[in-house]
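Student: could you look at this predicted model? Sequence included:
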Protein chains: 2
Amino acid sequence: MRTSRDIRTANRYGVLRQIIASSPTSRQELAAATGLSLATVATLVGELLGLGMITEVGFEDSAGGRPRGLVAVNASGGALIGVDIAETYVHVELFDLALSVLARTEDDVRPGESRPERLVGKVAAAVGSVVAQAGVEAARVLGVGVSMPGQVDRATGVSEYAPNWDHWRDVPLLGLLAEHIAYPLHLDNPLRACAVAELWFGAARGRSDAVVVNLGTGVGAGLVLGGGVHRGVSNSAGEWGHTTLVLDGRPCHCGNHGCVETYVGAPGIMRHLRELSPDSALLHPEDQTATVDALARGVAAGDPLAVQVVRDTARCLGAGIADLVNLLNPEVVVLSSWVAATLGEPLLAEVREAVARHALRRPLAATEIVLSPIPTDPVCLGAATFALEGALQAAGQRGPTATRRTPAPAPAPAPAPARSRTAPPV
Amino acid sequence: MRTSRDIRTANRYGVLRQIIASSPTSRQELAAATGLSLATVATLVGELLGLGMITEVGFEDSAGGRPRGLVAVNASGGALIGVDIAETYVHVELFDLALSVLARTEDDVRPGESRPERLVGKVAAAVGSVVAQAGVEAARVLGVGVSMPGQVDRATGVSEYAPNWDHWRDVPLLGLLAEHIAYPLHLDNPLRACAVAELWFGAARGRSDAVVVNLGTGVGAGLVLGGGVHRGVSNSAGEWGHTTLVLDGRPCHCGNHGCVETYVGAPGIMRHLRELSPDSALLHPEDQTATVDALARGVAAGDPLAVQVVRDTARCLGAGIADLVNLLNPEVVVLSSWVAATLGEPLLAEVREAVARHALRRPLAATEIVLSPIPTDPVCLGAATFALEGALQAAGQRGPTATRRTPAPAPAPAPAPARSRTAPPV
Ligand SMILES: [Zn+2]
Ligand SMILES: [Zn+2]
């Protein structure tokens, strides 16, 4: 059962989220937007002021009443770092508290560079680099969120399995990083990163139930249910890419057959293009990005082959998304990650049609399908948000206010490993 | 966002659930079992005592401490009525607060008897009959829960669509029933009824995330997520029977092709048997129940055809359940409803094998698959539980304690239509 501490943490998230979205704003507006009482909002605003995450920025007139105090996010009140580890690259971004990017690094991961020690060195160097570039004091860094593909154990910081690196098994990733990085560290995977990014800053903000469909090399669905990210009992919810779309269909690296990912992931799209036209100039055999770019340009130019590939992909995707709509009855389905961003509106239009053909009337009527509105790397943003959530949760655990209001604290969920941030990084 | 009232209601559910499961019990045991603080448990126990739903039943010694007060459910402190409306029957059961059945009626619905007025008359007569049979005073009936297949709007009490009755559209079912029944009325569908029955009294009790797979004529999945029933934005979550198992497969009455239901619902199982052996003695062409009974007996006797039909059904079912395991990462999957109960352990064993072949390692390792342990009609029990939840929620809305502790109540979810229970039923 959820304890009063859980609900206070969730409410703290909600109020800060709303302040970031609508700075400057008043406590009255926050109460209206969140559905919380004015008294609760006032308490939470007081906590956030105490943490230096927001500031008082003056007053506005209220019709006939006394002037209302305004608060805004204190952009320089802290820095957050998001790390996006992928098969072929490591992106690291440093954000201020308004979640603007102050510094970034992009680094390739070449074949042979994916051994844990090598990769950890890369990440640690990149984290040091963005802090130096941005010129923020180490003491201002509230934490580092790390997104690692595959199955991760948030509580222990272990990356159990990475789908594209066969040698990668049960790597104590946060433990290794902590030897180089002194900030609080938080681990999760890209599905959850994209979900939390949409929940805080994108199309799922203010929604109770949302599905964030990640379309890249791998495919998955980050789930927002009941206003929070649904992780499942062992933090592996969202593996929609490995649900069966075609019984006994294409073989998948997971061992199953006919998985959604084998049809709508970038390699599946390339396979379909190759089957339709092995010699097409659209196909760049070793380059997913170049092929998907070529398809997008082809659709824009009216190339019938490109149009067909995107339509057939959308048809599979739409059947799969209709299943999610029927099962979960979400308010919004968000298409995220690079394949969705590249294929854009033409893909969206075909997906909407395909979902409408497959889904039941009532859940269909309640669901919007949209492209992610987040303009930057949603995985880095989401990873940084893990660090923000971690800082807000930690504040609740040590804050005198919280202690006073929770007479006999119930067991809290195991926190992600977090280390004191007294020393600067490498 | 969830308000403090929502969390208090959820906690009240959790404490009463635990008391029903383990009467007599102490506040200390309840705190340990629910993870709530002793202070919170003491407050909630006080409320339930005030409502007459539980009673003080003495003391137990505690090692070295002062004797601990024991509480138990007050079975005669109220009566709950569950109504299960199905395509071919109406079952009505009256329960005491320990959820023992005190009276029941079973009534066939013949072709032509499914017009709204006729059906409402049947239900109203049955409700009057169980109250009379049980000899409970009308004032003790806390409410009536009604389960209606298809899409229902809980807030308005309208049954929008029933899958097997073409003429049934947007029927104001609770409004019509309220002309005959003076008790508070609550409407939902069998998926949610089975989910809430497992959550309160079955295999999902004490679990945060569970999937209750309903196998009958229709097929669906009631979802328990975050310790509560997940309903979705328009109360239509759980339509797993209409997720695609075979792209371009068997046509379904929903308009889609290859739906799970067309393979593992009773008519789908009969179709498979007919395709394998059109003249089999196992097949009772117009009688789903007789056919599934014959299959169960055939499997017990080692009939190869029966074994194959059950195995093939389990293979489809297992592929579909593996999708749910991958997507939602639940602690438990419960096989419920009459087809699961009839085919029993042999079906379960084959399903477990099939799920193991299809699901990812990590979510698979976290999931148990079990048959529903509920011995009676889970839909009636779940419908009665809607009435119990409604009574507990209403108590929170009018109780002086709740009012005192919630200084500025936030908007509550629209309650199911509930009428005062001053007059006896028809
Ligand atoms: Zn797969
Ligand atoms: Zn269907």
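Tutor: Structure's in. What do you need? Numbering: from 1, shown residues only, chains lettered A, B, ... in the order given. Ligands and ions are numbered 1, 2, ... in the order given.

Student: tell me which element residue A:224 is part of?
Tutor: strand A:219-225 (DSSP states H and E).

Student: wait, does that strand contact ligand 1?
Tutor: No - residues of strand A:219-225 contacting ligand 1 under C-beta under 5 Å from the ion: none, with a closest distance of 9.2 Å. Glycine gets a C-beta too; all of them are placed from N, C-alpha and C.

Student: phi, psi for residue A:107 please.
Tutor: The phi and psi values for residue A:107, taken as degrees, to the nearest 10, are phi -140, psi 130.

Student: for it, which residues count as its bridge partners?
Tutor: Residue A:107 has these beta-bridge partners by DSSP bridges: residue A:90.

Student: kindly report the residues of chain A close to ligand 1.
Tutor: Going by C-beta under 5 Å from the ion, the residues of chain A near ligand 1 are A:242, A:252, A:254, A:256, A:259.

Student: swap in 6 Å and give it another go.
Tutor: A:242, A:252, A:254, A:256, A:259, A:261 (C-beta under 6 Å from the ion).

Student: and the residue of the stretch 51-200 of chain A found nearest ligand 2, what pLDDT?
Tutor: Of all residues in the stretch 51-200 of chain A, residue A:191 sits closest to ligand 2, at 27.3 Å by C-beta to the ion. Per-residue confidence (pLDDT) for residue A:191: 95.

Student: what do you get for residue A:224?
Tutor: 96.

Student: right, and it touches residue A:212 too?
Tutor: Yes - using C-beta atoms under 8 Å, residue A:224 is in contact with residue A:212, at 7.1 Å.

Student: what do those two both touch?
Tutor: Residues touching both residue A:224 and residue A:212 by C-beta atoms under 8 Å, 6 or more residues apart in numbering or on different chains: A:195, A:198, A:204.

Student: got CSV for those residues, with secondary structure, pLDDT and neighbour count too?
Tutor: Below are the shared contacts of residue A:224 and residue A:212 laid out as CSV (DSSP: H, G, I helix; E, B strand; the rest coil; pLDDT from 0 to 100; neighbours: other C-beta atoms under 10 Å in any protein chain shown):
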residue, secondary structure, pLDDT, neighbour count
A:195, helix, 97, 34
A:198, helix, 96, 29
A:204, coil, 95, 29
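
Student: out of these, which is nearest to residue A:110?
Tutor: Proximity of these to residue A:110 (C-beta to C-beta) peaks at residue A:195, which lies at 29.8 Å.

Student: can you pull the contacts of the residue nearest to that closest one when sequence neighbours are not counted?
Tutor: Distances taken as C-beta to C-beta, 6 or more residues apart in numbering or on different chains put residue A:222 closest to residue A:195, at 2.8 Å, once the chain neighbours are dropped. By C-beta under 8 Å, 6+ apart, the contact set of residue A:222 is A:191-196, A:198, A:211-212, A:214, A:229, A:238, A:336.

Student: after the longest helix seen in chain A, which helix or strand is next?
Tutor: For chain A, the helix with the greatest residue count under DSSP state H is helix A:304-328. Next helix or strand after helix A:304-328 toward the C-terminus (DSSP H and E): strand A:332-336.

Student: relative to helix A:304-328, how tilted is that next one?
Tutor: When axes from the mean of the first three to the mean of the last three C-alpha atoms, to 10 degrees is applied, the directions of strand A:332-336 and helix A:304-328 differ by 140 degrees.

Student: could I get the buried residue list for stretch A:126-145?
Tutor: Neighbour counts over stretch A:126-145 (16 or more other C-beta atoms under 10 Å in any protein chain shown) mark A:126-131, A:134, A:136, A:140-145 as buried.

Student: report how many residues lie close to the residue of the stretch 151-300 of chain A found nearest chain B.
Tutor: Proximity of the stretch 151-300 of chain A to chain B (C-beta to the nearest C-beta) peaks at residue A:232, 2.3 Å away. By other C-beta atoms under 10 Å in any protein chain shown, 24 other residues sit near residue A:232.

Student: please enumerate the helices of chain A.
Tutor: Using DSSP H, helices in chain A cover A:4-22, A:27-34, A:38-50, A:116-134, A:173-178, A:190-201, A:261-264, A:266-276, A:288-300, A:304-328, A:338-358, A:361-365, A:378-398, A:400-405.

Student: elements contacting the first one?
Tutor: Same thing as helix A:4-22. helix A:27-34, helix A:38-50, strand A:68-73, helix A:190-201, helix A:378-398, helix A:400-405, helix B:4-22 (3 or more C-beta pairs under 8 Å, 6 or more residues apart in numbering or on different chains; DSSP states H and E).

Student: cool, and the fifth one?
Tutor: Contacts of helix A:173-178 with other secondary structure elements, assessed using 3+ C-beta pairs under 8 Å, 6+ apart, are made with helix A:116-134, strand A:141-147, strand A:158-161, strand A:185-188.

Student: what does the last one rub up against?
Tutor: What it means is strand A:185-188. With C-beta under 8 Å, 6+ apart as the criterion, strand A:185-188 contacts A:143-148, A:152-154, A:157, A:159, A:173-174, A:177-178, A:235, A:383, A:386-387, A:389-390, A:416-419.

Student: and these, which of them are buried?
Tutor: Here, 16+ other C-beta under 10 Å leaves A:143-148, A:152-154, A:157, A:159, A:173-174, A:177-178, A:235, A:383, A:386-387, A:389-390, A:416-418 buried among these.

Student: kindly tell me how buried residue A:112 is, as a neighbour count.
Tutor: Neighbours of residue A:112 using other C-beta under 10 Å come to 7.

Student: for it, give me phi and psi.
Tutor: phi 100, psi -10.

Student: so how far is residue A:118 from it?
Tutor: In this view, residue A:112 and residue A:118 are 8 Å apart by C-beta to C-beta, to the nearest Å.

Student: mind listing the shared neighbours of these two?
Tutor: Contacts common to residue A:112 and residue A:118, judged by C-beta under 8 Å, 6+ apart, are absent.

Student: returning to that earlier point: can I get the residues of chain A next to ligand 1 in JSON lines including distance to chain B?
Tutor: JSON lines is the format used below for the residues of chain A next to ligand 1 (distance: C-beta to the nearest C-beta, whole Å):
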{"residue": "A:242", "distance to chain B": "5"}
{"residue": "A:252", "distance to chain B": "10"}
{"residue": "A:254", "distance to chain B": "6"}
{"residue": "A:256", "distance to chain B": "5"}
{"residue": "A:259", "distance to chain B": "9"}
{"residue": "A:261", "distance to chain B": "11"}
